[in-house]
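> here is my input, please return the structure:
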Amino acid sequence: MKILVIHGPNLQLLGRRETEIYGESGLDEINRKLERTAAELGSEIEIVQSNHEGELLDLIGKAGSGFDAIVINPAAFTHTSVALRDALVAAGLPTVEVHLSNIYARDGFRRRSLIAPVVSGQISGFGPDSYTLGLEAAASLVRRKSGRPDRL
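Sure, this is the predicted structure:
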């Protein structure tokens with residue numbers, strides 16, 4: 001099973017940006033933890049970070065031919081990108097939306113996700129663990145879809 005992990009805009013700044021909200025873990029640390037979790041799950045992952053909406057749309061548009069699922073932290077695009085939402089729908093893959101912070105406990109404009117209604121599920125508020133929980137959920141969705149027993 002192969003899962004695409006997407007980090008959206010400004011996430012390359014993790015560990016330095018608003019640590020009181022996003023924590024002190026940097027993106028490299030999160031990615032290493034994701035790689036360890038993927039190995040434990042017997043899955044392969046590809047990790048991408050981009051600040052460019054068009055690049056993310058291109059990645060998602062091609063994901064259906066090479067991946068079994070998507071884990072995405074759309075970051076600020078969560079609240080603004082109809083295009084990202086449409087791309088995820090078109091990809092037709094099990095998708096888990098993740099956020100480090102609890103977006104529902106933040107500013108009013110951050111409480112609305114355009115992505116949540118079109119994905120399999122959302123995990124938010126668990127810091128870096130949101131990513132590993134999201135990866136575990138995505139792997140579970142793929143196993144169920146293929147009729148394989150779920151290891152969790």
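> would you agree L84 is in contact with E53?
Yes - checked against Cβ atoms under 8 Å, the pair L84 and E53 is within contact range at 6.7 Å. Bear in mind the C-beta positions are built from the backbone N, C-alpha and C, glycine included.
> the more surrounded of the two?
L84 (22 against 18; other Cβ atoms under 10 Å).
> confirm that the more buried one sits in a strand.
No - with DSSP: H, G, I helix; E, B strand; the rest coil as the criterion, L84 is helix rather than part of a strand.
> returning to what we had before: shared neighbours, L84 and E53?
F77 (Cβ atoms under 8 Å, 6 or more residues apart in numbering).
> partner residues bridging G121?
Bridge pairing for G121 (DSSP bridges) gives the partners V96.
> what's around it, how many residues?
Residues within reach of G121, counting by other Cβ under 10 Å, total 15.
> wait, what's in contact with it?
Contacts of G121 (Cβ under 8 Å, 6+ apart): 96-97, 137.
> what's the answer for R16, then?
G26.
> wouldn't K33 be in contact with T132 here?
Yes - using Cβ under 8 Å, K33 is in contact with T132, at 6.0 Å.
> outside of stretch 98-112 itself, list whatever touches it.
The contact list for stretch 98-112, computed with Cβ under 8 Å, 6+ apart, reads 14, 21-23, 71-73, 78-79, 113, 122-128, 130-131, 133-134.
> what is the least confident helix or strand in the chain?
Across the helices and strands of the chain, mean confidence by mean pLDDT, DSSP states H and E is lowest for helix 19-22: a mean of 70.
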